[in-house]
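Asks: let's see this in three dimensions:
(chains A and B)
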Number of protein chains: 2
Amino acid sequence: LKSLIHEGSLTPGQGLPSSRALASDLGLSRNTVLIAFDQLRSEGYVSARPRAGLFVVADLRAAPPPAPPGVAAKPARLGGPPPFRPCQPDTRLFPLALWNRLRQCALRLHGPALLGYQSAHVLGLPVLRTQLARYLRDSRGVQCAPEQIAITSGSQQALYFIAQLARRRAAVLLEDPGYLGARDAFRAAGARLIPVPVDDEGMVPPALIPAGALVYTTPSRQFPTGATLPVARRLALLQAAAASGAWIIEDDYDSEFRYGRSPLPSLHSLDPAGRVIYVGTMSKVLSPSLRIGYVVLPREWMTPFAELRAVVEDHGPLVDQATLAEFIASGSFYSHIRRCRKEYADRLDTFLSTAEQLRLPLRFPHTDGGVNQCGRWLEPRAEAVWEGLEVPALSRYALRSQARGLVFGFTAFDHAAIKAGLRRFAAMLGSI
Amino acid sequence: LKSLIHEGSLTPGQGLPSSRALASDLGLSRNTVLIAFDQLRSEGYVSARPRAGLFVVADLRAAPPPAPPGVAAKPARLGGPPPFRPCQPDTRLFPLALWNRLRQCALRLHGPALLGYQSAHVLGLPVLRTQLARYLRDSRGVQCAPEQIAITSGSQQALYFIAQLARRRAAVLLEDPGYLGARDAFRAAGARLIPVPVDDEGMVPPALIPAGALVYTTPSRQFPTGATLPVARRLALLQAAAASGAWIIEDDYDSEFRYGRSPLPSLHSLDPAGRVIYVGTMSKVLSPSLRIGYVVLPREWMTPFAELRAVVEDHGPLVDQATLAEFIASGSFYSHIRRCRKEYADRLDTFLSTAEQLRLPLRFPHTDGGVNQCGRWLEPRAEAVWEGLEVPALSRYALRSQARGLVFGFTAFDHAAIKAGLRRFAAMLGSI
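Replies: From the prediction side, this is the model:
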C-alpha cells in the first residue's frame, strides 16, 4: 500500500478498500490487515473519516523505489603487517587468556554499571588513572596525581585534543624528520608548523622558542631516527620552554623497549616548571586495537580537555579500561613488558646480524632500543619501491630535512620473517 | 649520583670516584656500579676521558627534587544512573555470557591481526559494516552499501565529524527543544545555529531552508518531546532539502523501541535525492560503554570522513566491533531488541499507571515508544530541584522554545524503582 501511495496509484483523498475485502483478496487474516492499517495511520499515510474508512492523506509526493542494496563482497580475513612496517607490536605475544580472565574479574568487580553511560568519567575510569599514575612514577619518573591523567583512545587522540586546545597559539615546533600523526593533528588545527632539525642526538634544542609555542618531541627515542636526547639537551629544552611560556609535548611512544639498559627517565621527570605534557600509549606495549592511550596534563588543562572530549565523543570504552587497570595492578603488565623486551631484543639481534651478513649498504646508528631501526645509506641512493615490503624512506617523514635512509620496523616479525624479508630486500637492492 | 649532579654537589667537569672505590664504599658489587655508570653515560650525565675515568658533563642545570605523587583516593565503585535520568538503557539486560562466547568466536575467527593496527579500516571492520547494512535495510528501510557506513564511537562522534566537515556551511537548523549533544558539536565547529520549532508532530518543517544548510532532526521520536514526525512532514522536509542542496541529519537514536506497533521507516528510506545522513548508535539498544555507533553517509563524504577520523584517533577498538558483527549475524541482536522492547514496554506501563495513581499534574502525550517520557504540566509550575532524582526540565534543552515540562527516562529502572521514584517525586511536588 505504501508503494502504491508513493507511486501515485493510490492518489490523495482516495479511499482504501475495507479491511474485510482486502483480507479476503490477499488471503490474509483480517487482523493482519487491521494491524497494517493501524501502522499506515500511525505513520501518517492515511487518515480515518468516521464511518467512511481510511483515505490517503493529501500532499504525499512520490518517493523513489528503493534501490537494491550494494552487494557486499565477502570481507577478507584481517591481515598482519607486511615486513618491515614500522611501529607494529607483535600481537601474537598478547597474553589473551590472562587478559580474558582479568576482564571477567573487572566485569564482576564493577557490575553492570561498567556497561552503562559513565559520562562523569570522560577522562577515564578512576581505577585505571590510579594504576597508570603508579606505573608512570615507577617506570618513567613521571610525578603526577591520577586526576592529571586523561585516558584517550591512543596517542593520536591525545595529540588531536592538545592541538585543538592550543589552536590559537602562534607556533608548533616539530622534529624534522618527525612523526606524521603529530604533524597532521597540528595542521588540522590550523597551527603554524616550524621544523626543528634532528641530528644524531635527537632534536637540536632551538636557541629561542617563540612565546607561547608548543614543542613536539620524542626524546626517549626520536621518531623515526631512533636518537636519544641527552640530558644536557633535555635541560636546555626545558629551560627555553620555561623562559618563553611554551609547552613541551613529550611523546613517549616506545620507551618501554630499551635493550641492555634501563629506559631513560622521562623529560617530564626533569621538569621543574611544569611545562611538559606527557603522552603515552598502550599501542606498542600491549595492543593498538584496544585503543587506549593517556596524557599527563597540567591541572589547568584538565577541564578544557574534558569538555572537548565530551563534545567529540563522550567517554571511552570502559570494559577494556577496567581490565587494563587489573592488568597493571596484578603486575602482569610488567611481566608482559619484560617478555616482549626480551623477544624484541632477540629479533633486533637477528635483524642486525642478518643485515651484516647480507652486507647491506646501510648503517644503523641507534641499536639500543625501540621498535624500529633507521638505516642510513652508506652511499647516495635513489628512492626505490620495495615490492612486498614496507620500508618507508626517511624523506617521507621530512618537512625540510634532507636526511636519507630507510625505516625498518622489526618487532612484529619472527626470526624467519626478518631473515626472509632482508634477503628479499637485498635481492631487490642488487637489481636496482 | 643523578641527584648529586642536579643538586650541584657534583659540579660540571668533576670526576666520579672509581667504580672499585664506589662499590667498596656502598657495599655493592663492582658490576652493579659499572652498570650504573654505563647508564649515566648513556643518559648524557657523564662522559668518559680515556684513561682518566668519568666526568660530569658541563652545563647541567639543577632539576628539581621530585614532588611526592598525589595520594590517590580509593576509587569509588561505579554507580548506575539515578531515577529518572533520560536515555539510559538497563545494562542488567545485556546478554553478557552470550556476548563473551561470541567474543571468543570473533577472536578465533580473525586471529592476532584483530589485536594489531588496522588503519586501513579506519571506518570500521568490513564484517561489521556488512552486518549493519543488512540490519539497517531490514529494520529501518535504509538502503546503502556497506562502504557507505562508517563506524564511530557513538552518535556523538558521528555528529562531531559531520559538524567539522560541514564547518564552512552557512547554517545548521536544530529542533528546539532538542538534543544538546548535537548543539554542542555544531557550536564547537563554529556553525550558525537556527532553532526550528517543535510541536506535537515533531519538527515543523521550515518553509525555506538556506542553501547548503544542515538540518538536524530526530524524526522517529523527537528528542526530548517524543513526538513522531508524520510522513507528510517528512516528505516536505526532504523536498525542501533537495531544493536548497541542504543535508538532513537523521538521528535515529531509539527507534528500536516502539511499543505495540512496528518502528516507523526511516527518513533515509523515503529520500529520493540522497540528502539524508543517517546516524545510529548501539548505546540505547545494547550498551553505551561499548562505544559503537554508526553513520550512513553519501559516497562523496566517505573520504573526507575517513581522513578526519585518521587525524582524530585512527581506527576504533576492533574486538568489540568483531563481536558485534557476530552478534548481529547470529540473530542474537534481534532477540535482544525484542527482549528489551518487551521489558521496557512493561516498565512504561508501570510508569504511566503509577503516575496516574499518584494523580501527577502532568500529561504524557507520546506513550508509544522510546526510552524517555516527556511530561507536560497541566498547570504552570516554577522550575524545581528534585532531590535524589534526575528529571531535567524541558527548558534545559531549549534554545528559544518556551515549552514547559519534565523529561523522565524509564528504561534503566525496574518496577520497584519506578514506583518509589515517582512516589518520591509526588511527595516533593506536594511540598513545593
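Asks: count the residues that sit near residue A:235.
Replies: 22 (other Cβ atoms under 10 Å in any protein chain shown). In short, each C-beta sits where N, CA and C put it, glycine included.
Asks: how much space between it and residue A:215?
Replies: From residue A:235 over to residue A:215 the distance is 14 Å, taken as Cβ to Cβ, to the nearest Å.
Asks: go through chain A and flag its longest helix.
Replies: The longest helix of chain A (DSSP state H) is helix A:332-357.
Asks: so after that one, what's the next helix or strand?
Replies: The C-terminal neighbour of helix A:332-357 among helices and strands, as given by DSSP states H and E, is strand A:362-363.
Asks: same for that next one, what does it pack against?
Replies: strand A:372-377 (3 or more Cβ pairs under 8 Å, 6 or more residues apart in numbering or on different chains; DSSP states H and E).
Asks: okay, buried residues for the strand it packs on please.
Replies: A:372, A:373, A:374, A:375, A:376 (16 or more other Cβ atoms under 10 Å in any protein chain shown).
Asks: got it, and stretch A:116-134?
Replies: For stretch A:116-134, by 16+ other Cβ under 10 Å, it's A:116-118, A:121-133.
Asks: repeat that for stretch A:398-418.
Replies: Applying a neighbour-count criterion of 16+ other Cβ under 10 Å, one finds A:398, A:401, A:403, A:405-413, A:417-418 buried in stretch A:398-418.
Asks: tell me the residues of the stretch 251-400 of chain A that contact chain B?
Replies: A:261-262, A:264-265, A:269-272, A:283, A:287-291, A:308, A:310-320, A:368 (Cβ under 8 Å from any Cβ of the partner chain).
Asks: can you name the two of the buried residues of stretch A:398-418 that are farthest apart?
Replies: By the measure Cβ to Cβ, A:401 and A:417 form the most distant pair in the buried residues of stretch A:398-418, at 30.2 Å.
Asks: sorry, back to before: and the residues of the stretch 251-400 of chain A next to chain B, which are buried?
Replies: A:264-265, A:269-272, A:283, A:287-291, A:308, A:310-320.
Asks: ok, back up a step: by contact count, what packs against the longest helix of chain A?
Replies: helix A:318-329, strand A:372-377, helix A:415-430.
Asks: what angle separates it from helix A:415-430?
Replies: 40 degrees (axes from the mean of the first three to the mean of the last three Cα atoms, to 10 degrees).
Asks: just the mean pLDDT for stretch A:403-415, thanks.
Replies: Averaged across stretch A:403-415, the pLDDT comes to 97.
Asks: tell me the spacing between residue A:356 and residue A:364.
Replies: Relative to residue A:364, and taking Cβ to Cβ, residue A:356 is found at 9 Å.
Asks: settle it for me: which of the two has more neighbours?
Replies: Ranked by neighbour count (other Cβ under 10 Å), residue A:356 and residue A:364 place residue A:364 first, with 18 against 10.
Asks: now stretch A:27-38: buried residues?
Replies: For stretch A:27-38, by 16+ other Cβ under 10 Å, it's A:33, A:36, A:37.
Asks: so how far is it from its chain's centroid?
Replies: 52 Å (Cα atoms, centre = their mean, to the nearest Å).
Asks: and that stretch, what's its mean pLDDT?
Replies: 79.
Asks: likewise for stretch A:251-261?
Replies: 88.
Asks: and the end-to-end length of that stretch?
Replies: 20 Å (Cα to Cα, to the nearest Å).
Asks: got the contact list for that stretch?
Replies: A:87, A:139-140, A:155, A:159, A:179, A:182, A:216-221, A:223, A:263-264, A:266, A:278-281, A:283-285, A:337, A:340-341, A:344-345, A:348, A:368-371, A:411, B:35, B:38-39, B:42 (Cβ atoms under 8 Å, 6 or more residues apart in numbering or on different chains).
Asks: surely residue A:384 and residue A:428 touch.
Replies: Yes. The criterion here is Cβ atoms under 8 Å, and residue A:384 meets it with residue A:428 at 7.3 Å.
Asks: so the two - more neighbours on which side?
Replies: Between residue A:384 and residue A:428, residue A:428 has the larger neighbour count (other Cβ under 10 Å), namely 16 against 13.
Asks: contacts for whichever strand or helix holds residue A:175?
Replies: Taking DSSP H and E as the definition, residue A:175 sits inside strand A:172-176. The contact list for strand A:172-176, computed with Cβ under 8 Å, 6+ apart, reads A:163, A:166, A:182-183, A:186, A:191-198, A:202-203, A:206, A:209, A:213-218, A:222-223, A:398-401.
Asks: which ones among the residues you listed are found in helices?
Replies: Per DSSP H, the contacts of strand A:172-176 map to helices at A:163, A:182, A:183, A:186.
Asks: any low-confidence regions in the stretch 51-200 of chain A?
Replies: For the stretch 51-200 of chain A, the stretches with pLDDT under 70 are A:58-76, A:167-169.
Asks: ranges for the strands of it?
Replies: A:53-56, A:149-152, A:172-176, A:193-199 (DSSP state E, counting those that start in this stretch).
Asks: max pairwise distance over the ones in helices among the contacts of strand A:172-176: which two?
Replies: Among these, A:163 and A:183 lie farthest apart (Cβ to Cβ), at 10.0 Å.
Asks: any idea how far residue B:391 is from the residue nearest to the spatial centre of chain A?
Replies: In chain A, the centroid-proximal residue (Cα atoms, centre = their mean) is residue A:154; its distance is 4.2 Å. From residue A:154 across to residue B:391, the span is 38 Å (Cβ to Cβ).
Asks: again, but for residue A:336
Replies: The separation that residue A:336 has from residue B:391, given Cβ to Cβ, amounts to 47 Å.
Asks: also residue A:286?
Replies: 42 Å.
Asks: more neighbours: which of these two?
Replies: residue A:286 (24 against 20).
Asks: tell me who's in contact with the more buried one.
Replies: A:89, A:94, A:292, A:324, A:333, A:336.
Asks: of all those residues, which two lie farthest apart?
Replies: A:89 and A:324 (15.0 Å).
Asks: what's the distance between the nearest residue to residue A:116 once chain neighbours are set aside and residue A:375?
Replies: Counting by Cβ to Cβ, 6 or more residues apart in numbering or on different chains, residue B:91 is the residue found nearest to residue A:116 once chain neighbours are left out, at 4.5 Å. Between residue B:91 and residue A:375 the computed distance is 51 Å (Cβ to Cβ).
Asks: what does residue A:340 give?
Replies: In terms of Cβ to Cβ, residue A:340 sits 23 Å off from residue A:375.
Asks: what's the local residue count around residue A:263?
Replies: 21.
Asks: which helix or which strand is home to it?
Replies: Using DSSP H and E, no helix or strand contains residue A:263.
Asks: what's the helix or strand for the closest residue to it other than its chain neighbours?
Replies: Spatial nearest neighbour of residue A:263, chain neighbours left out: residue A:255 (4.9 Å); criterion: Cβ to Cβ, 6+ apart. Counting by DSSP H and E, residue A:255 is held by no secondary-structure element, helix or strand.
Asks: contacts only, for the closest residue to chain B within the stretch 201-350 of chain A.
Replies: The minimum distance from the stretch 201-350 of chain A to chain B, using Cβ to the nearest Cβ, falls at residue A:230 (2.8 Å). Residue A:230 makes contacts with A:201, A:202, B:43, B:44, B:57, as judged by Cβ under 8 Å, 6+ apart.
Asks: just send the residues you listed back as TSV, with distance to residue B:50 and neighbour count too.
Replies: Below are the contacts of residue A:230 laid out as TSV (distance: Cβ to Cβ, whole Å; neighbours: other Cβ atoms under 10 Å in any protein chain shown):
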residue	distance to residue B:50	neighbour count
A:201	21	15
A:202	26	24
B:43	21	21
B:44	18	19
B:57	16	19
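Asks: among these, which are located in strands?
Replies: residue A:202 (DSSP state E).
Asks: out of the contacts of residue A:230, show me where the pLDDT dips lowest.
Replies: Among these, residue B:43 has the weakest pLDDT, 72.
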